[in-house]
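Participant: Sequence first, predicted coordinates after that:
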Amino acid sequence: MQQIWIQKAGAPEVLKLQDAPDPIPRNGEVRIRVEAAGVNFLDVLGRLGLNSDAPSLPYVPGYEVSGKIDLIGQGVPDFREGEAVFALTQFGGYSNVVCVPYKQVFKRLDWMSAQDAAALPLAYLTAYMMLIAMGSLRAGEKVLVHGAGGAVGLAVLDLCRILGAETFGTASPEKHDYLLAHGLNHAIDYRNRDYERVIMDLTGGKGVNLVLDPLGGVHWPKGYRLLMPSGRLIHFGTSSFVPGKRRSWWAQLRGMIMLPFYTPLKLMNDNKAVMGVNLGRMWEQADMMQPWMKQIVAWYDEALFRPKIDRTFSFAEVAAAHHYLQDRQNIGKVLLLP
């Protein structure tokens, strides 16, 4: 098999393609011949040495794949060899062959492409967890999502459209036309305008019900201020800690200085909630994620959404894929194809 390894922390060029023997599935695992693998910002954090959940270097990154099962371990029900599937991988997804615990594997619909399937797990489960499982989103509520043009951002817009929520999204101006056509209600140019002021103007000073923040730093207190009573602020990333292609200790320090302090008394008096989401810490909760994905696949089956595949790269082009993602050129998902 072929695998992409992070040899050491650094720029995208530290990613190296290597050959290795095919793995053998252990008890409770299936082996998947990979047709597509997702590229995510968590992979970038791992490459920079900033993902505290990652194994010690060197290791193979990757959180999601699609493909076909070619070997089944002992103790695996309901799957068969040759079956088309997609899966969450606890690292190791940048491989053309991967073994995965069966509870993290989901069956593909007959009309679901391998690329669509690889775009579902991390982005749509994160969006579902934030909006529905934790955010208790209801029709008519107002949602702010940063990075609306990214894979998670578009997944949020898809689910908000299905649920009937009003959306506010920050994105660079060149992405606005696509996002508005995709269902975003209010596109905000975060580079040239203060999104907090824009949203307060648009809502008559009331704010929003739900803020989804993958940025951190200065955006933490701004998101809290934007919440109306009963509002929920959900943190799911710290991309402001990573301004470049190499690790920045100054950016990390600056971000840590901006850490907010929410006391129970303040939360009670403000009638607000603050939560955090990290799908990478949900590996032991596969049973909980199964019905979430079942609903997502049902919405896909009803043609209520299709994931946006922005661009695909070969395994040999993995450094270019990371540059493309970090430069924020994508609208939607970036995939690797073996």
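Facilitator: That came through fine.

Participant: From here on, just use CA atoms for contacts and neighbour counts.
Facilitator: Noted.

Participant: next SSE after the particular helix or strand that has residue 162 in it?
Facilitator: Using DSSP states H and E, residue 162 sits in helix 151-163. Using DSSP H and E, the helix or strand that follows helix 151-163 in sequence is strand 166-171.

Participant: Which neighbouring elements make contact with the next helix or strand after that following strand?
Facilitator: Where DSSP H and E defines the elements, the next helix or strand beyond strand 166-171 is helix 176-182. Counting contacts by 3 or more CA pairs under 8 Å, 6 or more residues apart in numbering; DSSP states H and E, helix 176-182 packs against strand 186-189.

Participant: Pull the residues that contact the strand it packs on.
Facilitator: Contacts to strand 186-189, defined as CA atoms under 8 Å, 6 or more residues apart in numbering, come from residues 167-173, 176, 179-180, 195, 198.

Participant: And stretch 162-170, by the same measure?
Facilitator: Counting by CA under 8 Å, 6+ apart, 137-148, 157, 160, 184-190, 195, 199, 304 sit against stretch 162-170.

Participant: tell me the secondary structure for the most centrally placed residue in the chain?
Facilitator: The centre of the chain sits closest to residue 123, judged by CA atoms, centre = their mean, with a distance of 3.7 Å. Under DSSP: H, G, I helix; E, B strand; the rest coil, residue 123 falls in the helix class.

Participant: can you pull the pLDDT of it?
Facilitator: In this model, residue 123 is scored at 98, pLDDT.

Participant: Then residue 263?
Facilitator: Note for residue 263: predicted pLDDT of 84.

Participant: Count the neighbours of it for me.
Facilitator: Using other CA atoms under 10 Å, residue 263 has 9 neighbouring residues.

Participant: Same question for residue 187.
Facilitator: If you count neighbours by other CA under 10 Å, residue 187 ends up with 20.

Participant: that older thread, quick one, which of the contacts of strand 186-189 are buried?
Facilitator: Applying 16 or more other CA atoms under 10 Å to the contacts of strand 186-189, the neighbour count classes 167-172, 176, 179, 195, 198 as buried.

Participant: Show me which pair in those is furthest apart.
Facilitator: Largest separation among the buried ones among the contacts of strand 186-189 by CA to CA: 179 and 198, giving 17.4 Å.
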